[in-house]
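>>> Just need the structure, nothing else, for what follows:
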Amino acid sequence: MKDNPIPVIDLFAGPGGLGEGFSAFSHHHRKIFNILLSIEKDPDAYRTLRLRSFFRKVPQNQLRDIYIEFMKSKKTEDDEIKLYSDFLEVKKEMDLEVLCRELGSKKFPREDVNSIISERLAGEKKWVLIGGPPCQAYSIVGRSRMSRLRKENLDKFEKDKRHYLYQHYLKIIADHKPPVFVMENVKGMLSSTIKGKLIINKIIRDLKNPIGNGGLRYKLYSFARKPRGLHPFNGLEFEASDFVIRTEDYGIPQSRHRVIILGVRADIKVEPETLYKKTQQKLRDVISDIPPIRSELSIAKKWKKSWGEYIKDIRFIFNNGSLSPKIRQHMTKCLEELGTDLSTGDSFLPYAIGRPKKIITEWYRKHDFGGICNHEARSHMPSDLWRYFFATCFSDFHYLRGEEKSPTLSDFPFSLLPDHKNINLKNIKDTIFHDRFRVQLWNRPATTITSHIAKDGHYFIHPDPAQCRSLTVREAARIQSFPDSYIFLGSRSSQYHQVGNAVPPLLAYQLAEVVFNLLSK
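Model prediction:
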């Protein structure tokens, strides 16, 4: 193989999780892949991609001081301009590499896309196409909501153009014939239907034959398992479920299950390897060196008491008979240890004192700038603070007894149940989303970080009662395996959204290894 890095084109790039894994992969200390082009329509994710492009292009000895200064700033667009100001040639390269465009839109027609890709590839034949077309239309939660609506809304749902965004990815395959492509989407794609037919079957047919009967063919492989055999007409035999990757099986501290398809052009007569399973990473292993912070009160001016005083008001539930004496005793102890002296976070915070785990030093802090960004706590209403505090105390009580358990609504005192129309007060166990207040457990991989974390943190409660809060953007990013040097830009809500929609970079690193080994043969 030539020493030049293999070009990578990243479509629907989001904040760059797939691209980060490919870019980080090396073999014998040699960089293997080079991100030539990333296309993303979201303006904040675009800013995040540009910053990461800058990070990769500037030598570390020139980068360190100015990057630390930027990490400590408010990270506004003016701060970005200042950061890039002394690196005009790098900025020109960034402008070519990262585009804020919407694939398939009238402002970005197919011929323009093709022209840019051809220009960036400059005739290179050995390259890789990666990307994850947006997945909202395949979301199980979204379809569940739709199923409760009227028929005309279901008809509208089936016509949702987001079902067909993968076809823009398909057009790039048809027009540019990459030797290898990697396409990612949510597991819900496997059960999504259009007019009673599974859409995954159409997607697989299209990916195998991108231009119909025009001669271009691809063999599709699973990263997670070998073919089940040979089909007499269709070649390699995989079931749709074979394309699902359980990220917790590959060292990602999160139970995230995604469909990831590896396409290899049919003229390439090499069968790829599969991923090697790794020891599961626990939540504690990847957030233990993150400095503790506490939450704060939302609309602080509205309230007459302090954060700690409001949480301590939870004692009003102690005498209503719905708490076990042991849980009440543990809650009293946790109230005494409440982190009233903790900060609520900042634009930059030093790491917590202590020796971090090997995974932290080798991956998350490989480029160690002495601390972290994107670690500022959310504000919560007093009623949610009580629910968070009860939930974490409940979980902590069981954790100290060797159990890993987050409460469901049936474990909550009646007076702490939220006033919500979906809650069946007569039979709490029949309530939809009865685990709507979910504590992440120390000794297990976290649950799936989704884009819903941008709306509220109820599913992502930090396990430490003293902090009484939901996960920060940085903690969510750690769970998604983003290095600490990876800074997310935009509003905090946008940062959560970017993290929730991304592919875990550490998983992408392993996908890159499979692709490298394939192209090396």
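
>>> how close does the closest residue to residue 240 other than its chain neighbours get to residue 259?
Nearest residue to residue 240, sequence neighbours excluded (CB to CB, 6 or more residues apart in numbering): residue 200, at 4.8 Å. (Glycine included, C-beta is placed from N, CA and C.) From residue 200 across to residue 259, the span is 8 Å (CB to CB, to the nearest Å).

>>> Okay, domains of this protein per the record?
6-280+503-520, 283-501 (automatic domain parsing).

>>> Is residue 130 inside a helix or a strand, and which specific one?
Here residue 130, judged by DSSP states H and E, is contained in strand 128-131.

>>> do the same with residue 202
Going by DSSP H and E, residue 202 is in helix 199-208.

>>> neighbouring strands for the next helix or strand after that helix, and are they parallel or not?
Sequence-wise, the next helix or strand downstream of helix 199-208 (DSSP H and E) is strand 218-222. According to DSSP bridges, strand 218-222 has the following sheet partners: strand 257-265 (antiparallel).

>>> Check which helices and strands the strand holding residue 130 is in contact with.
strand 6-11, helix 17-24, helix 166-176, strand 180-186 (3 or more CB pairs under 8 Å, 6 or more residues apart in numbering; DSSP states H and E).

>>> for the ones you listed, which one sits closest to residue 467?
With distances scored as CB to CB, the stretch of the helices and strands packed on strand 128-131 nearest to residue 467 is helix 17-24 (26.7 Å).

>>> Give me the angle between that closest one and strand 180-186.
With axes from the mean of the first three to the mean of the last three CA atoms, to 10 degrees applied, the angle from helix 17-24 to strand 180-186 works out at 140 degrees.

>>> Restrict the helix holding residue 202 to CA atoms and write it as CSV.
The C-alpha trace of helix 199-208 is given here as CSV (Å, rounded to 0.1, in the frame of the first residue of the first chain):
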residue,chain,number,x,y,z
ILE,A,199,-37.9,-0.5,4.1
ILE,A,200,-34.6,-2.3,5.1
ASN,A,201,-35.2,-4.8,2.3
LYS,A,202,-35.4,-2.1,-0.3
ILE,A,203,-32.3,-0.4,1.1
ILE,A,204,-30.3,-3.6,0.9
ARG,A,205,-31.4,-4.2,-2.7
ASP,A,206,-30.5,-0.6,-3.6
LEU,A,207,-27.1,-0.8,-2.0
LYS,A,208,-26.3,-4.0,-3.8
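
>>> same for that helix, what does it pack against?
Helices and strands touching helix 199-208, by 3+ CB pairs under 8 Å, 6+ apart, are helix 166-176, strand 218-222, strand 257-265.

>>> Please work out which of these is packed deepest.
Across the helices and strands packed on helix 199-208, the average number of neighbours (mean count of other CB atoms under 10 Å) peaks for strand 218-222, which reaches a mean of 22.

>>> separation between the nearest residue to residue 469 once chain neighbours are set aside and residue 339?
Once flanking residues are discounted, residue 469 sits nearest to residue 295: 3.4 Å by CB to CB, 6+ apart. Applying CB to CB, the value for residue 295 to residue 339 is 9 Å.

>>> any common contacting residues for these two?
Listed contacts common to residue 295 and residue 339 are 467-468; contacts here mean CB atoms under 8 Å, 6 or more residues apart in numbering.

>>> Settle it for me: which of those two has more neighbours?
Shown here are residue 295 and residue 339; by other CB atoms under 10 Å, residue 295 has more neighbours (26 against 18).

>>> could you pull out the helices for the stretch 51-200 of the chain?
Here the stretch 51-200 of the chain has its helices, by DSSP state H, counting those that start in this stretch, at 60-71, 77-84, 88-97, 110-121, 140-147, 151-158, 166-176, 199-208.

>>> For stretch 308-320, what is the distance to the chain centroid?
Centroid separation for stretch 308-320 versus its chain: 36 Å, with CA atoms, centre = their mean, to the nearest Å.

>>> Contacts for it, please.
Contact with stretch 308-320 is made by 297, 303, 305, 323, 328, 331-332, 335, 338, 340, 382, 385-386, 389-390, 413-416, 468, as judged by CB under 8 Å, 6+ apart.

>>> what about 10 Å?
294-295, 297, 303-306, 323, 325, 327-329, 331-332, 334-336, 338-341, 380-383, 385-390, 393, 412-416, 465, 468 (CB atoms under 10 Å, 6 or more residues apart in numbering).

>>> do the same with stretch 355-364
Here stretch 355-364 makes contact (CB under 10 Å, 6+ apart) with 24, 251, 253, 279, 281-282, 284-290, 351, 365-366, 368, 372, 477-478, 481-486, 505-506, 509.

>>> need the contact list for residue 513.
Going by CB under 10 Å, 6+ apart, residue 513 touches 21-22, 25-27, 32, 273, 275-276.

>>> Rounded mean pLDDT for the host helix or strand of it, please.
Here residue 513, judged by DSSP H and E, is contained in helix 505-520. For helix 505-520, the mean per-residue pLDDT is 97.

>>> Next, residue 36: phi, psi?
phi -90, psi -30 (degrees, to the nearest 10).

>>> Over to residue 372?
Dihedral pair for residue 372: phi -130, psi 160, per degrees, to the nearest 10.

>>> again, but for residue 33
Dihedral pair for residue 33: phi -120, psi 150, per degrees, to the nearest 10.

>>> Residue 182 is in contact with that one, correct?
No - assessed by CB atoms under 10 Å, residue 33 is found out of contact with residue 182, at 11.3 Å.

>>> intersection of neighbour lists for those two?
With CB under 10 Å, 6+ apart as the test, residue 33 and residue 182 both reach 8, 21-22, 128, 130, 512, 515.

>>> what sits against residue 290?
349, 351-352, 356, 360, 364, 371-372, 375, 462, 471-472, 474-475, 478, 484.

>>> isn't residue 379 right next to residue 456, touching?
No - the pair residue 379 / residue 456 is not scored as a contact, 11.3 Å apart, by CB under 10 Å.

>>> Among the contacts of stretch 308-320, which lie within strands?
Among those, the members falling in strands (DSSP state E) are 297, 380.

>>> Find the helix or strand that residue 46 is a member of.
Assessed by DSSP H and E, residue 46 sits inside helix 43-57.

>>> Now that helix: average pLDDT?
Helix 43-57 comes out at a mean pLDDT of 98.

>>> ok, now stretch 292-309?
Stretch 292-309 comes out with an average pLDDT of 85.

>>> Straight-line length of it, end to end?
Using CA to CA, to the nearest Å, the end-to-end distance of stretch 292-309 comes to 19 Å.

>>> Check stretch 33-49 too.
The stretch stretch 33-49 measures 16 Å between its terminal residues, going by CA to CA.

>>> which ones are touching the nearest residue to residue 125 once chain neighbours are set aside?
On the basis of CB to CB, 6+ apart, the spatially nearest residue to residue 125 that is not a chain neighbour turns out to be residue 179, at 7.4 Å. Contact analysis of residue 179 by CB under 10 Å, 6+ apart lists 6, 125-129, 218, 263-265, 267-268, 515, 518-519.
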